[in-house]
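Novice: here is a sequence with its predicted model. Questions after.
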Amino acid sequence: MNNNRIKVTIEEQIAHVCLTRPEKHNALDIKMFKAIDNTIKKLKKNRDIRAIIVSGAGPDFCTGLDIKSVMRSPLNAMQLLFKWLPWRANLAQRVSTGWRELPVPVIMALSGRCWGGGLQIALGADFRIAHPETSLAIMEAKWGLIPDMGGTLALRTLLNQDVAKKLAMTGQELTAEQALALGLILEVDDQPLEKAKKLAGEICRQSPDAVSAVKRLYNKSWWSGPGAALARESAYQLKVLAGKNQKIKTFNQTHDKAVQKDFTARGHW
């Protein structure tokens, strides 16, 4: 699943997705947009994957849109913005919203510059872990544009509206610590990729049905009415209880407690 824009490796049911255009600081050209979109579609079909980690090759995660490349032809803009139905995501938006639609958790390991389209991509994830020297910005204002890559879906749950407006209107660059204080990222760590692997490992030890249901429940219910949220909780719980993974999890938990009790009785604890 590799090309000259994206490299994907899978280890222990964790997919590692790397943006591989370091000579251009992983800036987004049409090939990069299409590569990310195709990668998301392929990962969605892989039922063996339990978590996904996304990072960028080189010093920067992604510096945003490759303006010269994308604007070279009017056809490029059409490819990015065209959609059959106004409420469905176009190509530019799917590189962010696509991660939200995957049934497994997605973790972004950020470093260097995460600007404009790069931040929009990162906002599509469930978790963002950044290196202390990471710089984050909704950079579209610098080009006289608005953020139109789907990151708004995440911003409305992460930030107060006035804060989001300020960042989008000014293009202000945030340090990792500032982004953490605002709730834009989950953690700051000297080794974000290793931290992401650790988090993915912890999640993989849980029932995949429960993890997937939690992602769907929170994504759909965060801004819905209370009645709809409660209905989803009940419906998803019944589905999880009926699945084989919950039975396996329950057996393992019961077995572990029984082993611990036996070891305690024998004086091994």
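Specialist: Now that the structure is in, tell me what you want to look at.
Novice: number of nearby residues for the residue lying closest to T170 once chain neighbours are set aside?
Specialist: Residue nearest to T170 in three dimensions, not counting chain neighbours: A141, with 6.2 Å by C-beta to C-beta, 6 or more residues apart in numbering. Just so you know, the C-beta spots here come from the backbone N, C-alpha and C atoms, and that holds for glycine as well. Here the number of neighbours of A141 (other C-beta atoms under 10 Å) works out to 17.
Novice: just checking, A141 touches E173?
Specialist: No. Using C-beta atoms under 8 Å, A141 is not in contact with E173; the gap is 11.4 Å.
Novice: returning to what we had before: OK, contacts around the residue nearest to T170?
Specialist: By C-beta atoms under 8 Å, 6 or more residues apart in numbering, the residues touching A141 are A168, M169, T170, G171.
Novice: and it, that one's in a helix?
Specialist: Yes. Assessed with DSSP: H, G, I helix; E, B strand; the rest coil, A141 lies in a helix.
Novice: tell me the pLDDT at it?
Specialist: With respect to pLDDT, A141 scores 87.
Novice: and for R88?
Specialist: Predicted confidence (pLDDT) at R88: the value is 86.
Novice: enumerate every residue touching the closest residue to K142 other than its chain neighbours.
Specialist: Closest residue in space to K142, ignoring its immediate chain neighbours: G171 at 4.6 Å, by C-beta to C-beta, 6+ apart. The neighbourhood of G171, defined by C-beta under 8 Å, 6+ apart, consists of A137, I138, M139, E140, A141, K142.
Novice: tell me the most packed of those, by neighbour count.
Specialist: The most crowded member of the contacts of G171 is I138, carrying 28 neighbours; neighbours defined as other C-beta under 10 Å.
Novice: surely it touches G118?
Specialist: No. In this structure, I138 is not within contact of G118 by C-beta under 8 Å, at 10.4 Å.
Novice: can you pull the pLDDT of the nearest residue to D126 once chain neighbours are set aside?
Specialist: Spatially, and ignoring its direct neighbours in sequence, D126 is nearest to P105 (4.6 Å; C-beta to C-beta, 6+ apart). Listed pLDDT for P105 reads 98.
Novice: quick one on the thing from earlier: ok, the contacts of G171 vs W87, which is closest?
Specialist: The closest of the contacts of G171 to W87 turns out to be E140 (C-beta to C-beta; 21.4 Å).
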